[in-house]
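Participant: task: produce atomic coordinates for the following.
(one chain, ligands or ions: 1)
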Amino acid sequence: MVAVIGLGNMGMAMLGRLLATGHQPRAWDLDPAKRDAARQAGAAIGADIADNVADPTIFSLPHDAAVAEVLDHVLPALPRGAAIIDTSTLSPRAVRGFAEQAAARGVFYLDAPVSGGPGGAAAGSMAMMVGGDAAALERATPLLKHLTARLLHIGPSGAGQVAKLVNNLLVASHLVTAGEALRLGAAAGVAPEALLPVLNGASGRSAVTEVNWPRWIIPGSFDSGFSAGLMRKDVGLALELARELDVPLEATGRAAALWQELRAAVPDDADFNRLSAALFTGAKP
Ligand code: NAD
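Facilitator: Have a look, this model is predicted:
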């Protein structure tokens, strides 16, 4: 048995993947419309959140506060020895607290943030970086193999979130630098359509030049399923971690500041790729 709590862009895609691979998941979301969509897709939806837990229960929630609220309902409903696989991106400090709270009830809480977006979740090709009890992860691994192409145990509780925040600080920075550098090329007469194949065969490439620009920015689709607001959350968590540890962030810190300064040009509900496009077209803070 498996349950998914939080049926947004990621949770619904994971649910679809579980259904497609022969599982019979339970599912829950605050939003009744999301619950209806999950029911129509084939998931079992009980009367309330505590009816919709299983071993493991997968979370896909927007922020620390939502996880804290859900945990209060879910922990009393889970049997001892069960595992929560939390794929949300959260603060490392918060997840260490969640793991302690779960352990007090004999439940394993693994921070298991993911990379790959809704497309990767639907295809079962996400990368998952896990912090927490290694034996609990091993027990959940046969199931998680249906969702991931790369499943890595990083270390103790919180280590998965640290890996995710470092990853997303880089993605956020790459979106800034690619938008600015491509603007320079275009101003000098070489359009992104001509530059990207060069960069992607040379040493200036990144996932942003290889995937984001060709897939979402050049065609203008901006339908990646990852919002600028969620990326701002991730960048904020990375900055908070740096402050806690007294690690100065000179270059990535400037990129992070631009994510805040460009909020009017790229609002929270916009696709996160809009930020690179905005810098390309010369948006000013
Ligand atoms: P989303 O905003 O589309 O979905 C979040 C869902 O959680 C919504 O359906 C909302 O109704 C539900 N929810 C909120 N509070 C709840 C509660 N208390 N109880 C039950 N349901 C609740 O977000 P998303 O894009 O699916 O992202 C989910 C998580 O995955 C976030 O932490 C995000 O940072 C992370 N993430 C997203 C992507 C992506 O590409 N979208 C990629 C990697 C990681």
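Participant: contacts and neighbour counts: CA atoms only from here.
Facilitator: Will do.
Participant: burial count for Asn212?
Facilitator: Neighbour count of Asn212, defined by other Cα atoms under 10 Å: 18.
Participant: pLDDT below threshold where in the stretch 51-200 of the chain?
Facilitator: Along the stretch 51-200 of the chain, the model assigns pLDDT under 70 to no residue.
Participant: the ligand contacts on that one?
Facilitator: Selection of the stretch 51-200 of the chain residues close to the ligand by Cα under 6 Å from any ligand atom yields 60-63, 66, 69-70, 88-89, 114-115, 117-118.
Participant: at 8 Å instead, please
Facilitator: 60-63, 65-67, 69-70, 87-90, 113-118 (Cα under 8 Å from any ligand atom).
Participant: look through this structure and tell me its longest strand.
Facilitator: Secondary structure of the chain read by DSSP state E shows that its longest strand is strand 148-155.
Participant: what helices and strands are in contact with the following helix or strand past that strand?
Facilitator: The first helix or strand that comes after strand 148-155 along the chain, using DSSP states H and E, is helix 159-187. Where contact means 3 or more Cα pairs under 8 Å, 6 or more residues apart in numbering; DSSP states H and E, helix 159-187 is packed against helix 92-103, strand 108-111, strand 126-131, strand 148-155, helix 192-199, helix 228-245, helix 251-261, helix 274-280.
Participant: so which of the residues of the stretch 51-200 of the chain next to the ligand are in helices?
Facilitator: Members of these lying in helices (criterion: DSSP state H): Ala65, Ala66, Val67, Glu69, Val70, Gly117, Pro118.
Participant: of those, grab the buried ones for ChimeraX.
Facilitator: Buried residues among those (16 or more other Cα atoms under 10 Å), as a ChimeraX selection:
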select :67,70,117,118
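Participant: which among the ones in helices among the residues of the stretch 51-200 of the chain next to the ligand gets closest to Ile217?
Facilitator: Closest approach between these and Ile217, by Cα to Cα: Gly117, at 15.8 Å.
Participant: who touches the closest one in this structure?
Facilitator: Met10, Met126, Ser224, Gly225, Phe226 (Cα atoms under 8 Å, 6 or more residues apart in numbering).
Participant: in the longest strand of the chain, what counts as buried?
Facilitator: Buried residues in strand 148-155 (16+ other Cα under 10 Å): Thr148, Ala149, Leu151, His153, Ile154.
Participant: quick one: residues contacting the fourth one.
Facilitator: Remark: with contacts taken as Cα under 8 Å, 6+ apart, His153 is in contact with Met129, Val130, Gly131, Ala134, Leu137, Gly160.
Participant: partner residues bridging it?
Facilitator: When bridges are called by DSSP bridges, His153 pairs up with Val130.
Participant: against Ala47, how distant is it?
Facilitator: For His153, the distance to Ala47 equals 35 Å [Cα to Cα, to the nearest Å].
Participant: on that earlier part again, how about the longest strand of the chain as CSV, C-alpha atoms only?
Facilitator: What follows is strand 148-155, C-alpha atoms only, in CSV (Å, rounded to 0.1, in the frame of the first residue of the first chain):
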residue,chain,number,x,y,z
THR,A,148,12.9,7.6,-9.6
ALA,A,149,15.7,6.9,-12.0
ARG,A,150,18.3,8.1,-9.4
LEU,A,151,17.7,7.4,-5.7
LEU,A,152,20.5,8.5,-3.5
HIS,A,153,20.9,8.3,0.3
ILE,A,154,22.8,11.4,1.2
GLY,A,155,23.1,11.1,5.0
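Participant: between helix 159-187 and it, find me the angle.
Facilitator: 120 degrees (axes from the mean of the first three to the mean of the last three Cα atoms, to 10 degrees).
Participant: distance between strand 148-155 and the chain's centre?
Facilitator: 14 Å (Cα atoms, centre = their mean, to the nearest Å).
Participant: before we move on, the earlier item: what subset of the contacts of His153 is buried?
Facilitator: Met129, Val130, Gly131, Leu137, Gly160.
Participant: what sits against the third one?
Facilitator: Gly131 makes contacts with Leu110, Asp111, Ala112, His153, Ile154, Gly155, Pro156, Ser157, Gly158, Ala159, Gly160, Gln161, as judged by Cα under 8 Å, 6+ apart.
Participant: quick one: contacts for Leu262?
Facilitator: By Cα under 8 Å, 6+ apart, the contact list for Leu262 reads Leu275, Ala283, Lys284, Pro285.
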